[in-house]
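Engineer: Sequence plus predicted model, see below.
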Amino acid sequence: MPAFGARLRAAMDMRGPLCVGIDPHAQLLAAWGLSDDPAGVASFCQIVVDALADRVAVFKPQSAFFERFGSSGAQILESTIRQLREAGALILLDAKRGDIGSTVAAYADAYLNPSMPMYVDAITASPFLGVGSLAPMFAEAHRHGGGVFVLALTSNKEGPEVQHARLPDGRTVAQSIIDEISQLNVGEPGLGSIGAVVGATIGDTGHDLSGLGGPILVPGLGAQGGKPDDLRAIFPGNLSAVLPSYSREVLGAGPDVASLRRMTSKINDELMIALGSPK
Ligand SMILES: O=C(O)c1cc(=O)[nH]c(=O)n1[C@@H]1O[C@H](COP(=O)(O)O)[C@@H](O)[C@H]1O
């Protein structure tokens, strides 16, 4: 399997930079005329697959909305992932996993080992136990051409209290995470496979992402207030590495298949102008 960074670059160049988050909120299910139960979530996902699987580069299912329904939710997630991958899309599972290294190894096996049922192309990870504790995930990702996106500067208002705290050497916690990710991508040709998560809502924080080498997952667009034009200001030196992610803004156009397609194509067009990316 080619490296995740190379696969991501090819998918974004072919289908546009947009990552669509699959977040079946109770409110969205209601708005789509669906029940807030496994049958409703299954119908929701089937509509997303039918409408968008063949035209969106990356899907980011949010694990929480499937975990709500226990084993039924897990089955729906597995089947959705399989169908989306069969249609040529990449799957970035938003699970924000993190723990001591020996447990992280089990998470890595669950999500980044191609022989496991919940196998995906990439996952999100939390570095609260130290970026080093995620080493088994990075190793598994490299072994199988997978990717890991590590939280660095999140889109929520509570994030800065921890992420902007200073280390003894003067760097912020977020900058030290970014720097550790940069080290993991050294020597990768093209886009690296270990990415950072940086919200579109963070404003001008003075963090230096220029040496990251890997992709930047950017949530916080649309429903949380971030706009495509904000990307130029936040990521002036990294625009080609930006993977912009929208959940509610895109899904709010459903359940009509044509409206979902129109919305993704409109957002992809806006993003390509803002990022200056090809397609
Ligand atoms: O890792 C994420 O995707 C993420 C990081 C972050 O800083 N902020 C953030 O909103 N997210 C996720 O991105 C999605 C945002 O959804 P919308 O606000 O509906 O586009 C949710 O699934 C969040 O869990």
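Structural biologist: Everything's here; your move.

Engineer: Give the buried residues for stretch 19-35.
Structural biologist: For stretch 19-35, burial by neighbour count (16 or more other C-beta atoms under 10 Å) applies to Cys19, Val20, Gly21, Ile22, Asp23, Pro24, His25, Leu28, Leu29, Trp32, Leu34. C-beta here means a position set from N, CA and C on the backbone, and glycine is covered the same way.

Engineer: Could you list which of these belong to strands?
Structural biologist: Secondary structure defined by DSSP state E assigns Cys19, Val20, Gly21, Ile22 of the buried residues of stretch 19-35 to strands.

Engineer: Please name the bridge partners of the second one.
Structural biologist: The partner list for Val20 in beta bridges (DSSP bridges) reads Phe59, Tyr246.

Engineer: And the strands in the stretch 51-200 of the chain?
Structural biologist: Ranges of strands in the stretch 51-200 of the chain, per DSSP state E, counting those that start in this stretch, are 58-61, 90-97, 122-125, 147-153, 194-198.

Engineer: who touches the closest residue in space to Met12 that isn't next to it in sequence in this structure?
Structural biologist: Closest residue to Met12 apart from its sequence neighbours, by C-beta to C-beta, 6 or more residues apart in numbering: Ala57 at 5.0 Å. Contacts for Ala57 (C-beta atoms under 8 Å, 6 or more residues apart in numbering) come out as Leu8, Ala11, Met12, Met14, Arg15, Gly16, Pro17, Leu18, Cys19, Ala89, Leu90.

Engineer: Let's have these in a markdown table, adding distance to Gln163.
Structural biologist: Below are these laid out as a markdown table (distance: C-beta to C-beta, whole Å):
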| residue | distance to Gln163 |
| --- | --- |
| Leu8 | 24 |
| Ala11 | 29 |
| Met12 | 26 |
| Met14 | 33 |
| Arg15 | 31 |
| Gly16 | 29 |
| Pro17 | 25 |
| Leu18 | 26 |
| Cys19 | 22 |
| Ala89 | 30 |
| Leu90 | 27 |
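
Engineer: closest to the ligand among those residues?
Structural biologist: The closest of these to the ligand turns out to be Cys19 (C-beta to the nearest ligand atom; 8.7 Å).

Engineer: per-residue confidence at the closest one?
Structural biologist: Cys19 is assigned 98 on the pLDDT scale.

Engineer: now do Ser182
Structural biologist: 98.
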